[in-house]
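[1] Just the structure for this:
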Amino acid sequence: MRDLVALAGIAFFIAAGARDLWMHPADPKKAKEYGFLLYAMLVATAYGVAHDHITATLSPDYFLRWKGLSDDPRPFRWAVTVLAARASLGPGVLAGTTLLVANHPRRSGVPAPLPYAALLRLSLVPLAAAATTATVAGLANSILQFGSATAADLLVPPDRIHACAIVWAVHAGSYAGAFLGTIASAVLVVRRRHGNITRSTHRDSVLDGGGIARHEDLPKEERP
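    From the prediction side, this is the model:
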């Protein structure tokens, strides 16, 4: 059922975006939004699948015993892929929606929204944060070994408990990093939008003062 819901969501974004593109070819605002959400979902899923296959190599026991894949009749790697995709779609939609809300134009039009090219770059911040915190958490837990008691309760063989606890920490760190990265990316969107107002106001004041802006008075990105 969850797989059908995910597929239905993807189909909706594609269909709704195509309809808006057909109805408003000159300015398909909704199509761009749906396309961005679909992109966020797919990028998050790609990260999640790669992430889980790496950790499944480090500790199959985490997935077989901690995540219950020992009862899954499908081949192990395929079961890991499905599990990762299910776990990643939600955070991807959340991150994409958060960025769109942070970039939503006001009625006054000020501050102006960032172009989608900028949003695409900023959407990588949660992934980078997830990878960073996952690495740090895994390294820290190689010493601290939180979760080792749970792994022992799940009958993970003693010689593989250490790796299982590390992978548990990697997954926890990845989720925490994705959440913090999503907040950080939204803050960056808001700050850049307001920064554009400041630069525009400075440029206008320079022009009003003398009619022609001097090279050194313009922001660096607007100098010839």
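[2] Scan this structure for its longest helix.
    For the chain, the longest helix by residue count, based on DSSP state H, is helix 161-210.
[3] Report all helices and strands that it contacts.
    helix 29-58, helix 76-102, helix 116-122, helix 125-144, helix 148-153 (3 or more Cβ pairs under 8 Å, 6 or more residues apart in numbering; DSSP states H and E). Every residue, glycine included, has its C-beta placed from N, CA and C.
[4] out of everything not next to it in sequence, what's closest to Leu114?
    Closest residue to Leu114 apart from its sequence neighbours, by Cβ to Cβ, 6 or more residues apart in numbering: Asn103 at 5.5 Å.
[5] Distance check, that neighbour against Arg191.
    12 Å (Cβ to Cβ, to the nearest Å).
[6] Compare the two (neighbour count), which wins?
    Asn103 (23 against 11; other Cβ atoms under 10 Å).
[7] how near is that one to Leu119?
    Taken as Cβ to Cβ, the span from Asn103 to Leu119 is 6 Å.
[8] Mind listing the shared neighbours of those two?
    Here Asn103 and Leu119 have Val189 as joint contacts, going by Cβ atoms under 8 Å, 6 or more residues apart in numbering.
[9] show me where pLDDT drops low in this protein?
    1-7, 109, 197-224 (pLDDT under 70).
[10] and the residue nearest the centre of it, what is it in contact with?
    Residue closest to the average C-alpha location in the chain (Cα atoms, centre = their mean): Pro126, at 4.4 Å. The contact partners of Pro126, by Cβ under 8 Å, 6+ apart, come to Ala44, Pro91, Ala95, Gly177, Ala178, Phe179, Gly181, Thr182, Ala184, Ser185.
[11] cool, and Val190?
    Applying Cβ under 8 Å, 6+ apart, the residues near Val190 are Ala102.
[12] ok so, going back, ok, now which ones touch the residue nearest to Leu114?
    With contact set as Cβ under 8 Å, 6+ apart, Asn103 has these partners: Pro113, Leu114, Leu119, Val189, Arg193.
[13] how about the nearest residue to Tyr47, chain neighbours excluded?
    Leu127 (5.2 Å).
[14] gap between that neighbour and Tyr62?
    On the measure of Cβ to Cβ, Leu127 and Tyr62 end up 21 Å apart.
[15] Have a look at those two and say which one is more surrounded.
    Tyr62 (26 against 23).
[16] Can you verify my assumption that the more buried one contacts Ile161?
    No. The pair Tyr62 / Ile161 is not scored as a contact, 10.5 Å apart, by Cβ atoms under 8 Å.
[17] for the helices and strands packed on helix 161-210, which one sits closest to Arg19?
    Proximity to Arg19 (Cβ to Cβ) singles out helix 29-58 among the helices and strands packed on helix 161-210, at 8.1 Å.
[18] Output the contacting helices and strands for the closest one.
    Counting by 3+ Cβ pairs under 8 Å, 6+ apart, helix 29-58 packs on helix 2-23, helix 76-102, helix 116-122, helix 125-144, helix 161-210.
[19] which one of those lies closest to Gly35?
    In terms of Cβ to Cβ, the element of these nearest to Gly35 is helix 2-23, at 5.4 Å.
[20] ok, now how distant is the residue nearest to Ala87 when sequence neighbours are not counted from Tyr175?
    Leaving out its chain neighbours, the residue that sits closest to Ala87 by Cβ to Cβ, 6+ apart is Gly48, at 5.9 Å. Distance of Gly48 to Tyr175, computed by Cβ to Cβ: 10 Å.
[21] These two: which is more packed in?
    Looking at Gly48 and Tyr175 with other Cβ under 10 Å, you find the greater number of neighbours at Gly48, namely 24 against 15.
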